[in-house]
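In: let me see the structure of the following:
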Amino acid sequence: MFDILWRGLVIGAGATILMDLWAILLTQFGQSAPNWAPVGRWFWHLRRGKVFHESIADAEPYAHELALGWISHYAVGILYGVIFAIIMGSAWLAAPTFLPAWIFGIVTVGAGWFLLQPGLGIGWAASKHPTPNKVRCFNLLAHTVFALGLYGTALIIG
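Out: Residues are numbered from 1 along each chain as shown. The predicted structure is shown next:
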C-alpha cells in the first residue's frame, strides 16, 4: 500500500506541475495567468463553515491567501493523484495507459464546476461568469493536461 501512496503523491505533484506549465504556456498567447488568491481566500473561509459566496471578492480578505491558494492547488492535485493511484492500483502503475487517467481528469472537473466555482460566487460550471463556455473549455483542457501529467509521471517513475 505504501508503494501505491508514494506513487500517487508523485503522480499528483507531476500532474499539477504540468498543469501549471500549461497555464504558463497559455499566457504567451494572451490568456491571463491563474490567480490562486481567491481560492486561498475560499479555503480560509471553509474553516468557518462558509462554502458558498455571492462573490469571494466581497469576503473578508486573508493576508496569506495567495500562498494558501497555491498550497491548496497542490494539495488537491496531490490528493487527486493518491486517489487515482488507489483506484487504479499497482497493475495500472506498473503499465500506465492514458484513457483511465483522462477519464479521471475529466471527472475531477466536477469538483471545480460544482464546488469551487459556486463557492467563489461564479455559479455552477461558471454560469455567472461573463464567458462561461470559454471557462468550461479551458477547465476541460486543463484537466486533460492534468491527466497527461498523471499518465506521463506514472510512465517516468515506472
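In: so where's the longest helix in the protein?
Out: Taking DSSP state H as the assignment, the helix of the chain that covers the most residues is helix 65-94.
In: counting neighbours, which bits of the helix or strand harbouring residue 155 end up buried?
Out: Element membership for residue 155 (DSSP states H and E) is helix 132-157. When neighbours are counted by 16 or more other CB atoms under 10 Å, the buried residues of helix 132-157 are found to be 132, 135-136, 138-139, 142-154. All C-beta spots, glycine's among them, are computed from the backbone N, C-alpha and C.
In: also stretch 48-62?
Out: By neighbour count with 16+ other CB under 10 Å, stretch 48-62 contains the buried residues 53, 56, 59, 62.
In: again with stretch 96-104
Out: Counting neighbours by 16+ other CB under 10 Å, one finds that the buried residues in stretch 96-104 are 96, 100-102, 104.
In: so which of those sit within helices?
Out: Among the buried residues of stretch 96-104, the members falling in helices (DSSP H) are 100-102, 104.
In: closest one of those residues to residue 15?
Out: residue 101 (8.3 Å; CB to CB).
In: and residue 65, how many neighbours does it have?
Out: The local packing count at residue 65 equals 22, with neighbours defined by other CB atoms under 10 Å.
In: tell me how far it lies from residue 96.
Out: Residue 65 sits 36 Å away from residue 96, taking CB to CB, to the nearest Å as the criterion.
In: sorry, back to before: which member of the buried residues of stretch 96-104 is positioned nearest residue 48?
Out: residue 104 (31.1 Å).
In: which residues does the closest residue to the closest one other than its chain neighbours contact?
Out: Across the structure, with CB to CB, 6 or more residues apart in numbering as the measure, the residue nearest residue 104 apart from its sequence neighbours is residue 84 (5.1 Å). Applying CB atoms under 8 Å, 6 or more residues apart in numbering, we find residue 84 in contact with 8, 11-12, 101, 104, 150.
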